[in-house]
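Q: okay, predicted coordinates and the sequence, questions at the end:
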Amino acid sequence: MAAKNAAIDEVRAAPLLVLLIFVPVVILTDMALPEAHTLLFALSILAIIPLAALLSRATEAVSSRTGDAIGGLLNATLGNLTELVISLAALQAGQYLLVKASIAGAIVTNTLFMLGGAFLLGGLKHHVQEFNRISARFQASLLFLATVAVLVPSVISSVDHTSALSQKLSLGLAIILIAVYALGMLFSLKTHRELFASAAQAEEEHHAWPIQIAVTVLVIVTLLVAFISEIFVGSVQVAAQNIGMTPAFVGFIVVALVGGAAEMTTAFSAARANRLDLSIGIALGSASQIALFVAPVLVITSYFLGPEPMSLEIWPGAVTMVLIATMAASLLSNGGRGVWYIGVLALAVYAIFGLTLFLLPPASP
Amino acid sequence: MAAKNAAIDEVRAAPLLVLLIFVPVVILTDMALPEAHTLLFALSILAIIPLAALLSRATEAVSSRTGDAIGGLLNATLGNLTELVISLAALQAGQYLLVKASIAGAIVTNTLFMLGGAFLLGGLKHHVQEFNRISARFQASLLFLATVAVLVPSVISSVDHTSALSQKLSLGLAIILIAVYALGMLFSLKTHRELFASAAQAEEEHHAWPIQIAVTVLVIVTLLVAFISEIFVGSVQVAAQNIGMTPAFVGFIVVALVGGAAEMTTAFSAARANRLDLSIGIALGSASQIALFVAPVLVITSYFLGPEPMSLEIWPGAVTMVLIATMAASLLSNGGRGVWYIGVLALAVYAIFGLTLFLLPPASP
Amino acid sequence: MAAKNAAIDEVRAAPLLVLLIFVPVVILTDMALPEAHTLLFALSILAIIPLAALLSRATEAVSSRTGDAIGGLLNATLGNLTELVISLAALQAGQYLLVKASIAGAIVTNTLFMLGGAFLLGGLKHHVQEFNRISARFQASLLFLATVAVLVPSVISSVDHTSALSQKLSLGLAIILIAVYALGMLFSLKTHRELFASAAQAEEEHHAWPIQIAVTVLVIVTLLVAFISEIFVGSVQVAAQNIGMTPAFVGFIVVALVGGAAEMTTAFSAARANRLDLSIGIALGSASQIALFVAPVLVITSYFLGPEPMSLEIWPGAVTMVLIATMAASLLSNGGRGVWYIGVLALAVYAIFGLTLFLLPPASP
């Protein structure tokens, strides 16, 4: 009973969770007006945001109760669960451009928008914020290598390739990435745990939920996200057309912002609390996870779930944006100090990316 | 009277100002031999160099007399006045390739040539020069983000675009860049003035001119530069053909070197005086200003002054050169120490860029 | 006599040298079965590896006995002698794709594979390895500028160019690079010797050979490498086809690994001995030497030795891989600390490059 109350308190404390009202609304609307695509699109976004927040809280709770090793493993695997579930729904519907755009967009959004926002919000409150340069640089070089690994087929194979070879390459690549990811967990949870200490501290601040509640919430909310993602994916194409957005823009900007909403909240409040190290850890860690875990899982799943195997090749403009974003992350973390104007510049580059995608989308495949 | 003498002393002290003799020479030659394009081209370059030096001195004098806020604002706005005036003349003549080449070339010249020269000249005199790594890195990341923002239409829209959309994007982008620039002045002049302290110190070393003289010089010299720029732009195409240079080479190398001559003199003597921090501040600050202020102003002005709106898209080779130059600036400033060989390498890359542009120019649009 | 014994002890101590048995084997096989291309290909690789190790040891011995200046000069010139001799054989046979692939591949292999391996092997033995960040960063920026200089024709001239202009540019570039390389020796051997101190120390650890033996070994082994390289180059095309590899893959991965085997052994044992500074110095120094010395020498030699002049232009995928590798080297050296997982990531990127080249080779020119 006390536990239930704690969960309710949590809902009351987090303003995002008020949006949970949209969960039943979107399900009912989908039954009543299955053709109201634009409305369903907007409602499903509003419903996914609080679910993502709940999911992230439940993951944390489960992992903090199951001991260090398994807990870290869970947290590392489920940290981008929302992105993964949305992308799986898009994969099943064969909307590969949306899937690829959301992978690239999540990396860019996590670096430019999340880091930029953290620097801006933190810098408005604190004159100059110092952070641990060594650890930030280390994570930025992890991210650079992880990103480059994902981008190789796109940057190299542009010269001449056939689709069959490209798929073979993507599959081989996906296997290498998953292996590297597994070694990464060994590294961060076992052999060099102390390097990632500050990020772990964050969890302890919440009132952790009891394990039964946490697991129940995790399962139910994942199912809800999966269900609403299907409504979202079903409505996105027509809705985007109605509003004048392309699937590339929706995937790159909208899905990435929605899927990362929960982490952003955490990263931004950490920056306000003058813990820029934690913000940087969340932003760069989550982006690395997209590259090393979410992307290859989607490629491998496409063999079972999609209409045809999906390759890892994305369009050249997205490659450039991802590379620029990771270079920017390196430079920002290299500086060792945060001021609001650096945040403004990173957000401006993000806004320019959004504007460009909005006006000059890639050709649909 | 004493003030006038001070101004004359100044002229005597600065050897560049001897070139002022070419100002009447080029004007008279233009009246007598309007078709002697190659001669006019050479003379106008020789005349602009000392005017640029005077302009830079007058701007400093005006800004040091008008108090911190307005002075800084003036200095930030008029720091690249020569480049701006030359580019406006080219814009009015519809020579957009020249304009774009001079924007890209100014960024590359300010980083590779000005930084490289400062490292080489300083390093020949001092064995190893230490400089403030934190502040250099900070300015390098500002420059990276500013440059990337300007390059986005060029690097992303290459896939497919129509001219109308590209112009729309360039205009939206120009507005974002100007806003970012305004915030940057708020940042560097108001909220975080102390981070830019060393660059400001330089001004105090000169005998500042009285305000009336400074303003008069500023106005007259700007008009002279505008007038001679028109002669320059009118002769450049035929002259370049005669000498075997393309408009791209002239804009990228010649205009950039001429327009930046005054700043280079300052940056080089600072390096000789073992003040590499100041050299780096001038070089990176000026390059950022080109990206965030000169480029968008030219795009917006093209709507009023040019034969048709100008986009921010430049040819792929120029994009690559600008990106390489800003990456090099990051790496050089990252090291935290200057030695002559680093300067040689940066100048070699600059020379190779020049050689490449000379032999393999981009197709005219 | 004692000297000869020392040389024999050396052979016994270094397990690689057991492979010397393949030197007579490959020569005899070439005489007996000149059409057994796949066998000759494999045998010549096995024979070159120990010769490369001997060559590297002999170069060190000669340079340590001839005094600092000439010794350093020799070491700097002959450090990549194996790569140079193999490439010259390929050049003479007109296999320009193989030559270019081996230049690009040597830079990538020296950075990603050699650095990655050193971080991994060192990190498995030592928890966290600290290294001199300033000096590593300095060498990484040298490498970046050197690499960029070599890549300019490839990254810029892609827009429009004729073969004649491209050759002219490559020749001009080669002359600039050689001049920069000469200045680099002045810098590292004369004016700023102390910055490169740690790399020099390594030599003193071996029992240096007497000068007569060293010179004799140097000459004989170079001739042997040249002879076997001809067998290698003569067999590579048919053999590669038989095994299913392209010349690009062979040059980029196989030749680069074979040519660098000796240096890798040194870099890896230095890392195991917790001297990561030395590993980084060897890896980045050797990569810079390929760019500034081996590449231009091959271009200039092609005018005398090859069927037609060779340009410095390489295919776009190789450009990207080289740029990514040098960026990765910058980031790795920037961190200032080595852990095994960074090595895994660098090796994973290298493996992905290899997989991509294997599956999606560039079109033959």
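A: Sure thing, it's come through. All values reported here derive from a predicted model rather than from experimental measurement.

Q: quick one: least confident helix or strand in chain A?
A: Scoring the helices and strands of chain A by mean pLDDT, DSSP states H and E places helix A:197-204 at the bottom, with a mean of 48.

Q: tell me the helix or strand right after it.
A: helix A:211-243 (DSSP states H and E).

Q: could you report the separation of the nearest residue to A:Val250 once chain neighbours are set aside from chain B?
A: Among residues not flanking A:Val250 along the chain, A:Ala240 sits closest, at 5.2 Å (Cβ to Cβ, 6 or more residues apart in numbering or on different chains). Bear in mind the C-beta positions are built from the backbone N, C-alpha and C, glycine included. From A:Ala240 over to chain B the distance is 17 Å, taken as Cβ to the nearest Cβ, to the nearest Å.

Q: what of A:Glu83?
A: From A:Glu83 over to chain B (counting by Cβ to the nearest Cβ), the distance is 23 Å.

Q: same question, A:Ala149
A: On the measure of Cβ to the nearest Cβ, A:Ala149 and chain B end up 20 Å apart.

Q: and that residue, how far is that from A:Ala93?
A: Separation of A:Ala149 from A:Ala93 (Cβ to Cβ, to the nearest Å): 27 Å.

Q: okay, the two: which has more neighbours?
A: Taking neighbours as other Cβ atoms under 10 Å in any protein chain shown, A:Ala149 and A:Ala93 compare with A:Ala149 leading, 25 against 19.

Q: isn't the more buried one right next to C:Ala351, touching?
A: No. Using Cβ atoms under 8 Å as the test, A:Ala149 is too far from C:Ala351 to be in contact (9.1 Å).

Q: now for the closest residue to A:Leu20 other than its chain neighbours, how many residues are close by?
A: Distance criterion Cβ to Cβ, 6+ apart; nearest residue to A:Leu20, sequence neighbours excluded, is A:Pro50 at 4.6 Å. Using other Cβ under 10 Å, A:Pro50 has 23 neighbouring residues.

Q: got the contact list for A:Pro50?
A: By Cβ atoms under 8 Å, 6 or more residues apart in numbering or on different chains, the residues touching A:Pro50 are A:Leu16, A:Leu17, A:Val18, A:Leu19, A:Leu20, A:Phe22, A:Val23.

Q: in TSV, list those residues along with neighbour count.
A: TSV is the format used below for the contacts of A:Pro50 (neighbours: other Cβ atoms under 10 Å in any protein chain shown):
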residue	neighbour count
A:Leu16	16
A:Leu17	18
A:Val18	11
A:Leu19	18
A:Leu20	19
A:Phe22	21
A:Val23	22
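
Q: returning to what we had before: can you list residues touching both of A:Ala149 and C:Ala351?
A: Joint contacts of A:Ala149 and C:Ala351 (Cβ under 8 Å, 6+ apart) are A:Ile176.

Q: the residue nearest to A:Val250 against A:Ala248, yeah?
A: No. Contact between A:Ala240 and A:Ala248 fails when scored by Cβ under 8 Å: they sit 9.4 Å apart.

Q: neighbour count for these two, which is higher?
A: The residue with more neighbours, out of A:Ala240 and A:Ala248, is A:Ala248; 27 against 21, by other Cβ under 10 Å.

Q: and that one, which of the three is it?
A: helix (DSSP: H, G, I helix; E, B strand; the rest coil).

Q: what sits against A:His37?
A: Per Cβ under 8 Å, 6+ apart, neighbours of A:His37: A:Gly234, A:Ser235, A:Gln237, A:Val238, A:Ala239, A:Asn242.

Q: now do it, the pLDDT please.
A: We have a pLDDT of 91 for A:His37.

Q: does the closest residue to A:Ile290 other than its chain neighbours count as helix, strand or coil?
A: The shortest distance from A:Ile290 to any non-neighbouring residue, by Cβ to Cβ, 6+ apart, is to A:Ala106 (4.7 Å). When classified by three-state DSSP, A:Ala106 comes out as helix.

Q: I figured A:Ala106 hits A:Ile86, correct?
A: No. Between A:Ala106 and A:Ile86 there is no contact under Cβ under 8 Å: 10.0 Å.

Q: who touches both of those two?
A: Overlap of the contact sets of A:Ala106 and A:Ile86 (by Cβ under 8 Å, 6+ apart) consists of A:Val255, A:Gly259.

Q: wait, A:Ala47 touches A:Thr29, no?
A: No. Counting by Cβ under 8 Å, A:Thr29 is not a contact partner of A:Ala47; they are 10.0 Å apart.

Q: cheers, nothing more for now.
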